[in-house]
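J.: Need coordinates for the following:
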Amino acid sequence: MAVHDEAAQALSGLWELIGSQQWDRISDVLDPDVRISYVHTGEVFDGEGFVRLNREYPGTWHVDVLDMVGDGQRAVSRARLRGGQETYWVASFATTRDGRITELTEVWTDGGQEPPPSRRGS
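T.: Residues are numbered from 1 along each chain as shown. Got it, this is the predicted structure:
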């Protein structure tokens with residue numbers, strides 16, 4: 001996917017580094033004062049904590065970026081991560097300055113969830 005927008009380029013670069021497990025290079029795309037929030041758990045990370053989380057997460061994961069939208073210093077991606085029998089989906093919202101991510105908010109969910117009973121068969 002060719003990316004020419006500043007924020008979309010930074011977010012795409014982050015996914016590429018995560019997908020290739022280049023943990024030591026993730027800080028290249030993160031601002032030194034980055035703040036990373038996981039909406040689903042309420043966790044907040046600095047850059048070092050985010051790198052550590054990814055490095056220590058068990059298993060080998062394959063990343064498929066399915067959608068990327070950028071406009072100046074803001075970008076959003078939708079990705080699927082697969083490892084073993086597990087699949088996760090994530091929506092990532094990034095803000096950048098000078099080509100580096102200053103804020104990243106992510107919303108994760110498990111793949112293969114059943115819809116609520118009230119919507120089954122609709």
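
J.: from what I can see A7 touches S77, true?
T.: No. A7 sits out of contact with S77 when judged by CB atoms under 8 Å, with a separation of 10.1 Å. For every residue, glycine as well, the C-beta is placed using N, CA and C.

J.: which residues are in contact with both of those two?
T.: Overlap of the contact sets of A7 and S77 (by CB atoms under 8 Å, 6 or more residues apart in numbering) consists of A94.

J.: out of the two, which sits in the more crowded spot?
T.: Shown here are A7 and S77; by other CB atoms under 10 Å, A7 has more neighbours (26 against 21).

J.: Quick one: name whatever helix or strand follows the host helix or strand of the more buried one.
T.: Using DSSP states H and E, A7 maps to helix 6-19. Counting by DSSP H and E, the next helix or strand C-terminal to helix 6-19 is strand 30-38.

J.: Summarise which helices and strands that next one is packed against.
T.: Using 3 or more CB pairs under 8 Å, 6 or more residues apart in numbering; DSSP states H and E, the elements in contact with strand 30-38 are strand 44-45, helix 47-56, strand 100-110.

J.: what's the closest of those to P32?
T.: Closest of these to P32 is helix 47-56, at 6.9 Å (criterion: CB to CB).

J.: Thanks again, I'm all set now.
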